[in-house]
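In: Okay, predicted coordinates and the sequence, questions at the end:
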Amino acid sequence: MKPLILMVEDDPQIRRFLRATLDAEGYRFQEATTAAEGLTQAASHQPDLILLDLGLPDRDGLDVIRGVREWSHVPILILSARGQEADKIAALDLGADDYVAKPFTVGELLARIRAALRRSLSPAAAEVVCFGRVEVDPEKRIVKVDGAEVHLTPNEYKLLQVMLRHPGKVLTQRQLLNEVWGPNATEQAQYLRVYIAQLRRKLERDPARPEHLQTEPGVGYRLVTGD
Amino acid sequence: MEDTAEFVSRAAAPRSSRAREIAFSAAILAACTLIALALRSYLAATNLAMVYLLGVVAVAASCSRETAVAASMVSVAAFDFFCVPPYLTFVVADYEYLVTFAGMLVVALVISTQTSRIRANARAALEREARTEALYRLSTNLAGQTRVFEAARAAAALAQEVFHTTVVILLPDDGRISFRKRTADQLPVPGAEELIAQWAFDRGRKAGQGMENFGEALAFYIPLRGARDSFGVMCVLPDAEKRVFLPEQQNLLDIFANQTALAIERTLSQKAAEDTRLRMETEQMRSSLLSAISHDLRTPLASITGAASTLRSQGEKLAPEVRAELLDSISEEAERLSRLVGNLLDMTRFESGTVELRREFCPLEEIVGAALQRLDRQLAGRAVSVSLPDDLPPVFVDDVLFGQVVMNLVENATKYTPSGTPVELAAEFSSGTVIFEVRDRGPGLPLGEEERIFEKFYRGNSAGRSGAGLGLAICRAIAQAHQGSIEAFNRPGGGAVFRVRLPAGKQL
C-alpha cells in the first residue's frame, strides 16, 4: 500500500497544491488545519509521514512535534518560512526530520519526502555504505576514497558515523555536538566546523564545493549520499 | 560639610579689606603728621593744613568713601592737636583757626566724596565694559551650538569665568530637574538642594541663598526661561559672595540666564527643524521606494496572472510548447517575486535595526561552499573557480548573513555577465584583514558608477530584467554590520571585481 501522509497546514492554497502533488505521486493523504486536529489525526490514522507547517492558528507547530514524539518516530517534515533559522533549529532539535523553506518547488518537496520515508522504512544497517567515491565499512572501521584507505581520527570517524546513521537528514549543530562530543559540548560550534572542514578535505573532491558534507547555513549539516 | 567651611572662610574676606583700609589711612595720616611736625617751625599753621589735605586726597583715591570721610575728620583733629598752638591739646588759642578747621573739613569732605564718585564711575565704566564683553562672548559662544547640552556647558563655563564663581547648569530629564544631568563633573552643592532647583524650575523664579525662598541654601538657582518654556536651572555657588551679590552682578547673571535660555530655545527649534527635514526626506525615500517596489512587484504579477489566465481559458487550443513556455514563465516570475520580497524583507530588517548578528568563527570555505550549492542551477555552464589559501584564518561572522553576501555577489555575476563566462572566488589574508573577492569577465562596471551601485534601488542600466536594486545595498549593510567594507572596481583585462574586507577573527 502507498504511504500515508498527514499534512498539517492552515493555508488553503498551499493545501490545494500539496493535495494535487501528493495525489499525482500516488501518496495517500490526510489533511488537518490546526495543531489540535493534527495531533488527533496523527494518533488516529498513524501516518507514515507528517508535513507540518509551523505557523498554525491555534498553537505553535513545535507543540505538534513534541506531542507526536511522545509516542511515535514517524518522520516529520517542516514547512517553514524563509529566514526563521531559530524555528527550524528548534523543530529539528525537538525531533523533526527535515524542513523545506517556503516558497519551495514540488521537486524539492518530493525529494525530501522520499528521503524521509526511505530512512524510516530501512534504518541504516551495519553494512558497507558507498556514496560518490567514498566507501565506509562500519564493521572494520575503514574509510576508502577511490579505493584507497583514508585515515580518520576517532572524532572524525564518529562524526561521519553519526551522519551516516541519518543519510540525507539535516542534523543541527547541537545534535551533532551532543552525539560526538557529549552533552557538555553543545555550544562549541567551532569544534564542529573544524572537524567538518577536515572531513571535507579528506573525503570531498573540492572541499569548497562539497557534494556530500553539505552545510545548511545557520542550522547544521546534511550528509548527501546521492538521490 | 567641607563646602560650608570653605564658604564661611571666604565670606570673611570683606572684613579684612576694611581693616586694611583703616590701617592704610592711619599710616597716611601719621606720615602727614610727621611731615607737619617737621615743617611746623618754618611754615604758618594754615599752610600745614595743606599737608593733611594731600593725605586725605591719597586716602580718598584708594579707599572707600566712608574711610575717606573718617580720614577727613581725623585729619582736622590731628591738625588741631599737633599744628595749632598750644600744641598737643585740642584747645585753640586763636579763634581764627575755627575758620581754618571749617574750611579744611569742608574741602576734605568734598575731595573725599568727589574722588570716590570718580572712582565709582570709572569702576562702573569698567564693569559695563566687562559686562558688554561677557554678553558678547556669551552670544558668540552660544551661536554655534547645535546641541542643548553643549550650549548649556558653554554658557556655564563662561559664567564661571566672568563671575569668578562656580556655575553649573542643570537640565531637566523628563520634566524633572536632575542633578545627574549637569554641565560640571563635580556637583558643588548638597544633593538635597535638587528640590530648590526643581522649585525654581517649576515656578520660573529665583530661589536659594539670599533670595526670598530657601534663603539658607548654599547656592542660589536662576531658572533658564525662554519665550515659552523653562529649559533648566542655573545653579550659582557664591564663592566670592560679595561680587555676586552686587545688584549689577545679579542683574548681569539674570541676563546671562536669559540669554542662555534663548540660545537653548533656538537650539531646540533648530533641532525640530532638522527633524522635520529628516522626516520629509524619509517620506520622500518611502515614496520612491513605493514606486520602485510597486513596479517591481506588479511586473512579475502581471506575467503570472497573464500566463495563468491564458492557460485556463485557452489551454486546449495552445500548442504543447506554448503551454510549456507559459508554465516556465509562471514559475520563473514567481521565483523572481520571491527573491524580491526576500530582499525587501532583509533590507527592512536591516534598516529597522532588528537584525542581531550571531557571530561565530567560521571557515570561509564553508560559507562559500553553502552559497555555491544554493546557486547550483544559476551557475550551470560556467567555470567557477574557488581559491582559498589553506592557512586562511576563520572569519568571525554571522554565517547566514555573510553567506548571503557571497550569494548576492555570485548571483550578480551570473546576472550581469554573458552565460558561459567564468566566475572566480578568491580570498587572502593580509595584515589582520580577510579580503574576499568575486571576479567576473563580463562587461565591467559603468565608469564612475562604482560607488553608486551599492545604493538602494540603483540598477545597472545594462540589465534587462533584475531585482529592485537591493542586492548590493544589502551586501554593504551586512559587511558594515560586521565592521567590514565592500567595494567594486573594474578588472584589468575586462570584468568587475567585488571586494569584501573583513577583520579576521583570532585563530582558534
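Out: Received the coordinates, thanks.

In: CA only for contacts and neighbour counts going forward, please
Out: Noted.

In: so where's the chain uncertain?
Out: Because you didn't say which chain, this covers chain A. Applying pLDDT under 70 to chain A flags the ranges A:82-83, A:122-126, A:227.

In: oops, chain B please
Out: Within chain B, the segments meeting pLDDT under 70 span B:1-16, B:239-245, B:289, B:292, B:459-468, B:505-508.

In: Please say whether there is contact between stretch B:424-439 and chain A.
Out: No: using Cα under 8 Å from any Cα of the partner chain, stretch B:424-439 stays clear of chain A, with a minimum separation of 10.3 Å.

In: Using CSV, list the CA coordinates for that stretch.
Out: Only the C-alpha atoms of stretch B:424-439 are listed here, as CSV (Å, rounded to 0.1, in the frame of the first residue of the first chain):
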residue,chain,number,x,y,z
GLU,B,424,36.2,33.4,-9.7
LEU,B,425,36.0,33.5,-6.0
ALA,B,426,39.2,34.1,-4.1
ALA,B,427,40.4,35.2,-0.6
GLU,B,428,43.6,36.2,1.0
PHE,B,429,44.7,37.2,4.5
SER,B,430,46.7,40.4,4.9
SER,B,431,47.5,42.4,8.0
GLY,B,432,44.6,41.4,10.1
THR,B,433,42.0,41.5,7.3
VAL,B,434,40.5,38.8,5.3
ILE,B,435,39.9,40.1,1.7
PHE,B,436,37.3,38.2,-0.2
GLU,B,437,36.8,38.8,-3.9
VAL,B,438,34.2,37.8,-6.5
ARG,B,439,35.6,38.5,-10.0
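
In: ok, residues contacting it?
Out: In this structure, residues lying in contact with stretch B:424-439 by Cα atoms under 8 Å, 6 or more residues apart in numbering or on different chains are B:384-389, B:392-393, B:395, B:409-410, B:413, B:423, B:440, B:491, B:495-504.

In: same thing but at 7 Å, please
Out: B:384-389, B:392, B:409-410, B:423, B:440, B:496-504 (Cα atoms under 7 Å, 6 or more residues apart in numbering or on different chains).

In: Give me the buried stretch members for it, please.
Out: By 16 or more other Cα atoms under 10 Å in any protein chain shown, the buried positions in stretch B:424-439 come out as B:424-429, B:433-439.

In: Nearest to residue B:179 among the residues you listed?
Out: Taking Cα to Cα as the measure, residue B:179 sits nearest to residue B:433 out of these, at 45.7 Å.

In: The closest one: what's its closest spatial neighbour, skipping adjacent residues?
Out: Nearest non-adjacent residue to residue B:433, counting by Cα to Cα, 6 or more residues apart in numbering or on different chains: residue B:503, 4.6 Å away.

In: Let me know the helix or strand that the residue most central in space within chain B is in.
Out: When Cα atoms, centre = their mean is applied to chain B, the residue found nearest the centroid is residue B:150 (4.2 Å). For residue B:150, the host element (DSSP states H and E) is helix B:148-163.

In: which stretches of chain A form helices?
Out: Using DSSP state H, the helices assigned to chain A run over residues A:12-24, A:35-45, A:61-69, A:85-93, A:106-121, A:154-165, A:173-181, A:189-203.

In: swap in chain B?
Out: For chain B, the helices defined by DSSP H occupy B:2-11, B:13-39, B:45-62, B:65-78, B:97-143, B:148-163, B:194-203, B:241-245, B:247-314, B:320-351, B:364-374, B:399-416, B:471-481.
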